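[1] Here is my input, please return the structure:
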Amino acid sequence: RLGFFEEGLTVQMMHIGPYATEPATLATMLAFAAEHDYRDRVGRGGKHHEIYLGDPRKADPSKLKTVLRHPIEKM
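    Have a look, this model is predicted:
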């Protein structure tokens with residue numbers, strides 16, 4: 001399915017490693033946003049999104065690369 005949405009302002013980070021360890025990367029992103037007076041918009045009309053840069057069927061899980069992106073807004 002192909003869909004379009006406008007993200008607006010986001011915080012993003014490259015996660016390297018297995019998908020199971022993404023929550024720690026996400027926590028780092030959201031802490032950075034909060035330190036700069038922004039808050040997460042996921043659940044308030046914003047959509048979390050991930051860009052996978054590797055094939056989990058072929059890559060070593062410790063080397064998988066995923067761009068994590070969350071919409072944010074000024075507090």
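
[2] which residue ranges form the helices in this protein?
    22-35 (DSSP state H).

[3] Could you pull up the residues touching the residue nearest the centre of it?
    In the chain, the centroid-proximal residue (CA atoms, centre = their mean) is residue 68; its distance is 2.1 Å. With contact taken as CB atoms under 8 Å, 6 or more residues apart in numbering, residue 68 is in contact with 12, 13, 14, 15, 22, 25, 26, 29, 48, 50. (Each C-beta comes from the backbone N, C-alpha and C, glycine too.)

[4] could you point out the longest strand in this structure?
    Scanning the chain for the strand with the most residues, using DSSP state E, yields strand 65-74.

[5] if we can go back for a sec, which of the contacts of residue 68 lies closest to residue 39?
    Here the nearest of the contacts of residue 68 to residue 39, counting by CB to CB, is residue 29; it sits at 12.0 Å.

[6] Look up how far residue 59 lies from that closest one.
    Separation of residue 29 from residue 59 (CB to CB, to the nearest Å) stands at 22 Å.

[7] Between the two, which has more neighbouring residues?
    Remark: of residue 29 and residue 59, residue 29 carries more neighbours, 19 against 12, as counted by other CB atoms under 10 Å.

[8] got the CA positions of the worst-scoring helix or strand of the chain on mean pLDDT in PDB?
    Ranked by mean pLDDT, DSSP states H and E, the weakest helix or strand in the chain is strand 49-52, scoring a mean of 93. Presented in PDB, the C-alpha positions along strand 49-52 are these (Å, rounded to 0.1, in the frame of the first residue of the first chain):
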ATOM      1  CA  HIS A  49       7.800   5.800  11.400                       C
ATOM      2  CA  GLU A  50      10.800   3.700  10.700                       C
ATOM      3  CA  ILE A  51      13.000   3.400   7.600                       C
ATOM      4  CA  TYR A  52      14.700   0.000   7.300                       C
END
